[in-house]
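# I would like to see how this sequence folds:
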Amino acid sequence: MTTLAVITGATSGIGAEFARQLAATHQALWLIGRREEKLKQLAAGLQKKHDVDPVVMIMDLSDPAVIDDLAGKIRNQPQLSFLVNNAGYAEDGVFHEMAWQKHDDIMHVHVQAALKLSYAALNVMAANGNGSIINVSSVASFVPTPGSPLYGPTKAFLRSLSETLATRYSDSGIKIQALCPGYTITDFHEKIGLEPEKFYKKSGFVRAWTSEYVVRKSLNDLQRGKIVSVPGWNYQLIVMLLRRLPLGWLLAMVGGDNKSHRYQ
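Modelled structure (predicted):
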């Protein structure tokens, strides 16, 4: 039977890399994002390299009606075997000074979309007795993010949701993972005004990793049944330390000027 992988936020970076690596094992792909030209370029490249015919869907997941439409489409695809909830971005500002619409939008993209699409996908996967879901969270999910007030909390929700669902469906043939990357070499940071050549470190404790490595590590961890995947030795160590620090110390470390939008 034809297998389908659905990837949100597939335009570039981690989402596009998931498309490249999943194209080798899936006959059908849905590439979902907002930038049509980039998605079509990606689809053309995948079609040329693999025996796939990707479907490009231009969708803005900050719109509740669009989320519902996509969830309905997913629920009617019995061949669905893989869902990657990667759509996401960072906001920057002081919580009460930002327009409420900005908070509402990021809640829809990070929380409502992942929640409703996972719900739709699990209805299919539970009936089939197999399938995989990866929710792209972040190392920022382990720390308060005052510089980007809803980025860390929404990413923490994705991690907690993944842990909860993975536990519930562990005996159902369904694998669920929270991918928690640290600095990753994508256009994520460039879009918020950070110059990649000055920002990314190629070595050391805060080095950045490539999307290719991050996705390969995620998929390998998924096969091993690892629920939370943290690519990179440095970020694994950071997360281990963060989980052991007293909350008071952690709050003192991040302070009020934390620019956590730098995390992918």
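# Every contact and neighbour count from this point should use C-alpha atoms.
OK.
# lowest-confidence helix or strand of this structure?
Using mean pLDDT, DSSP states H and E, helix 196-199 stands out as the lowest-scoring helix or strand of the chain, at a mean of 53.
# What's the first helix or strand after that one?
Later in the chain than helix 196-199, the nearest helix or strand by DSSP states H and E is strand 209-210.
# who does that following strand touch, helix- and strand-wise?
On a contact count with 3 or more CA pairs under 8 Å, 6 or more residues apart in numbering; DSSP states H and E, strand 209-210 meets strand 184-185.
# and the strand it packs on, which strands flank it?
Partners of strand 184-185 in the sheet, by DSSP bridges, are strand 209-210 (parallel).
# Show residues contacting the partner strand.
Strand 209-210 has contacts (CA atoms under 8 Å, 6 or more residues apart in numbering) with 182-186, 202, 232.
# Now do the residue positioned nearest the centre of the chain, the pLDDT please.
When CA atoms, centre = their mean is applied to the chain, the residue found nearest the centroid is residue 136 (2.2 Å). At residue 136, the pLDDT value in this model is 99.
# Next one: it relative to residue 94, how far apart?
Counting by CA to CA, to the nearest Å, the gap from residue 136 to residue 94 is 25 Å.
# now do residue 210
Where residue 94 is concerned, residue 210 sits at a distance of 31 Å (CA to CA).
# More neighbours: the two, which one.
The neighbour comparison of residue 210 against residue 94 (other CA atoms under 10 Å) goes to residue 210, with 16 against 12.
# who does the more buried one bridge with?
residue 185.
# Show me where this structure has its strands.
Assigned by DSSP state E, the chain shows strands spanning 4-8, 28-33, 55-58, 80-85, 131-136, 174-179, 184-185, 209-210, 228-229.
# Need the winner for burial among those.
strand 174-179 (a mean of 27; mean count of other CA atoms under 10 Å).
# hmm, who's touching stretch 168-180?
Applying CA under 8 Å, 6+ apart, the external contacts of stretch 168-180 come out as 125-126, 129-139, 141, 158-159, 162-163, 165-166, 218, 222, 225-231.
# Just the buried subset of these, please.
Among the contacts of stretch 168-180, those classed as buried by neighbour count (16 or more other CA atoms under 10 Å) are 125, 130-139, 141, 158-159, 162-163, 165-166, 218, 222, 225-231.
# Disregarding flanking residues, what is the spatial nearest neighbour of residue 36?
Excluding the flanking residues, the one nearest residue 36 by CA to CA, 6 or more residues apart in numbering is residue 58, at 6.2 Å.
# Please name the residues that touch the one you found.
Applying CA under 8 Å, 6+ apart to residue 58 gives the contacts 32-36.
# Residue 159 and residue 229: what is the separation?
10 Å.
# Then residue 211?
14 Å.
# what pairs with residue 5 across the strands?
In beta-bridge terms (that is, DSSP bridges), residue 5 pairs with residue 29, residue 82.
# so it sits right up against residue 22, yeah?
Yes - contact criterion CA atoms under 8 Å: residue 5 and residue 22 qualify, at 7.3 Å.
# ok, longest helix in the protein?
What stands out as the longest helix in the chain, according to DSSP state H, is helix 151-168.
# just how off-centre is that one within its chain?
How far helix 151-168 lies from its chain's middle: 11 Å, per CA atoms, centre = their mean, to the nearest Å.
# now the angle between strand 80-85 and it, please.
Helix 151-168 and strand 80-85 are oriented at 150 degrees to each other (axes from the mean of the first three to the mean of the last three CA atoms, to 10 degrees).
# Extract the C-alpha set from helix 151-168 and format it as PDB.
The C-alpha trace of helix 151-168 is given here as PDB (Å, rounded to 0.1, in the frame of the first residue of the first chain):
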ATOM      1  CA  TYR A 151       7.900  30.300  22.300                       C
ATOM      2  CA  GLY A 152       9.300  28.300  25.200                       C
ATOM      3  CA  PRO A 153       5.800  27.600  26.800                       C
ATOM      4  CA  THR A 154       4.300  26.300  23.500                       C
ATOM      5  CA  LYS A 155       7.400  24.200  22.700                       C
ATOM      6  CA  ALA A 156       7.100  22.800  26.300                       C
ATOM      7  CA  PHE A 157       3.500  21.900  25.500                       C
ATOM      8  CA  LEU A 158       4.600  20.000  22.400                       C
ATOM      9  CA  ARG A 159       7.200  18.100  24.400                       C
ATOM     10  CA  SER A 160       4.700  17.200  27.200                       C
ATOM     11  CA  LEU A 161       2.100  16.200  24.700                       C
ATOM     12  CA  SER A 162       4.500  13.900  22.900                       C
ATOM     13  CA  GLU A 163       5.600  12.300  26.100                       C
ATOM     14  CA  THR A 164       1.900  11.700  27.100                       C
ATOM     15  CA  LEU A 165       0.800  10.300  23.800                       C
ATOM     16  CA  ALA A 166       3.900   8.200  23.400                       C
ATOM     17  CA  THR A 167       3.200   6.600  26.700                       C
ATOM     18  CA  ARG A 168      -0.500   6.000  25.900                       C
END
